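> Whatever this is, show me its structure:
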Amino acid sequence: MVPLIKTTVSAFLGLSFLMTSITVQSAEDEFSSSQKKQINQMIRAYILEHPEILPEAIQILHNRSKKATLEQNHTRLYEDGFSYVGGNKNGDVTVIEFFDYNCGYCKRAMNTVEKLKREDGNIRVIYKEFPILSETSYTAAKAAMASMNQGKYEEYHTALLHNSGRLTEERIFEIAREVGLDEEKLAKDMTSPVLERNIKINHSLAQALEITATPVFVIGDTILPGAVPYSELLKMVKNARQQAVKKAN
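As a prediction, the model looks like this:
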């Protein structure tokens, strides 16, 4: 019976790292109360003797929770019907970016994303407008979304992020003129309540994913915050491709 008990302990450790006492419910019909008590004592003793497993266990639980949340929000992430999709729209790996036009780190990240699109022709990019830094961040986000009606989102998006310093409303429309947008049509389209709704949807999605800053990338099962180096972005893309192959097999 001892080997059987040890096997059961190993099976439950992955789910019970943070518990000093557990009830082995799945073994109700296999173990007596004294045997279950012995299992609990062994688990507790192991954790006390090896507390270094706790940070790893917490990270594992956190990753599992994140993965589940990503799966629950799949439609809002990949098929919301309003976020601009760039790069190869049929690409095998999707890079989702939450950003703010007044975010300095987002300006740096843009160059990394553009390089990735140039050097990997199989990347699909979904741009999530996530204005959080100022009122003009909201204005810029609405202007960028409205620019889709004139087929100039990517040019305008790039120009807005290339702007140095904080955006003003005047500068937002000045950049619009510079990229060839009809300013009057843009201003009219920006008043659509649908744009405000779309921004609220993105904020709700970010809250569900515990995203509170910009930029943040979602690639496969990974949520990657910050203006990460190009090498790190490549690594995440590679991992996503490998995971896709495993799921397909």
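
> Hmm, T214 is touching N102, no?
No. Taking CB atoms under 8 Å as the definition, T214 is not a contact partner of N102, at 9.1 Å. Where you see a C-beta, it was placed from the backbone N, CA and C, and this is true even at glycine.

> Identify the contacts common to the two.
L133 (CB atoms under 8 Å, 6 or more residues apart in numbering).

> Out of those two, name the residue with the larger neighbour count.
Taking other CB atoms under 10 Å, T214 and N102 do not tie; T214 has more neighbours (26 against 22).

> Could you look up the SS state of that one?
Following DSSP: H, G, I helix; E, B strand; the rest coil, we place T214 in the coil state.

> Show me the domain layout of this structure.
Here the domain assignment for the chain is 2-51, 74-248, based on automatic domain parsing.

> Looking at the longest one now, give me its mean pLDDT.
Going back to what we said before, that points to domain 74-248. Here domain 74-248 scores 95 as its mean pLDDT.

> Name the residues of the helix or strand hosting M110 that are buried.
Secondary structure from DSSP states H and E places M110 in helix 104-119. By neighbour count on 16 or more other CB atoms under 10 Å, the buried set for helix 104-119 is 105-107, 109-110, 112-114, 116-117.

> next SSE after that helix?
That would be, after helix 104-119 and using DSSP H and E, strand 123-129.

> Name the next helix or strand following that following strand along the chain.
Heading C-terminal from strand 123-129 (DSSP H and E), you reach helix 135-146.

> That next one to strand 123-129, inter-axis angle?
Put simply, helix 135-146 runs at 130 degrees to strand 123-129, going by axes from the mean of the first three to the mean of the last three CA atoms, to 10 degrees.

> what's next to helix 135-146, contact-wise?
With CB under 8 Å, 6+ apart as the test, helix 135-146 has contacts from 82, 84, 100-102, 129-131, 153, 156-157, 160, 166-169, 172-173, 176, 186, 189-190, 192, 195-196, 198-199.

> So what's the residue count around the nearest residue to L70 once chain neighbours are set aside?
With CB to CB, 6 or more residues apart in numbering as the criterion, L70 has its nearest non-adjacent residue at 6.3 Å, and that residue is D221. If you count neighbours by other CB under 10 Å, D221 ends up with 15.

> Return the distance of D221 relative to R166.
Distance, D221 to R166, by CB to CB, to the nearest Å: 35 Å.

> do Y127 as well
Shown here: Y127 relative to R166, a distance of 21 Å by CB to CB.

> more crowded one of these two?
It is Y127, of Y127 and R166, that has more neighbours when counted by other CB under 10 Å, with 20 against 13.

> isn't the more buried one right up against T94?
No. In this structure Y127 lies outside contact range of T94 using CB under 8 Å: 11.5 Å.

> contacting residues for the residue nearest the centre of the chain?
By CA atoms, centre = their mean, the chain has its centre lying nearest to V218, at 3.3 Å. Counting by CB under 8 Å, 6+ apart, V218 touches 70, 77, 95-98, 209, 224.

> Looks to me like it is in a strand.
Yes. Counting by three-state DSSP, V218 is part of a strand.

> Bridged to it, which residues?
With DSSP bridges as the criterion, V218 is bridged to I96, I223.

> Out of the domains of the chain, which one sits most buried?
Stretch with highest mean neighbour count among those: domain 74-248 (a mean of 17; mean count of other CB atoms under 10 Å).

> What's the end-to-end length of that one?
Using CA to CA, to the nearest Å, the gap from the first to the last residue of domain 74-248 comes to 18 Å.

> need the strands for this protein, in chain order.
For the chain, the strands defined by DSSP state E cover 84-87, 93-99, 123-129, 216-219, 222-225.

> Those strands into TSV, with extra columns for distance to K238?
Output for those, formatted as TSV (distance: least, CB to CB, whole Å):
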stretch	distance to K238
strand 84-87	16
strand 93-99	9
strand 123-129	12
strand 216-219	10
strand 222-225	11
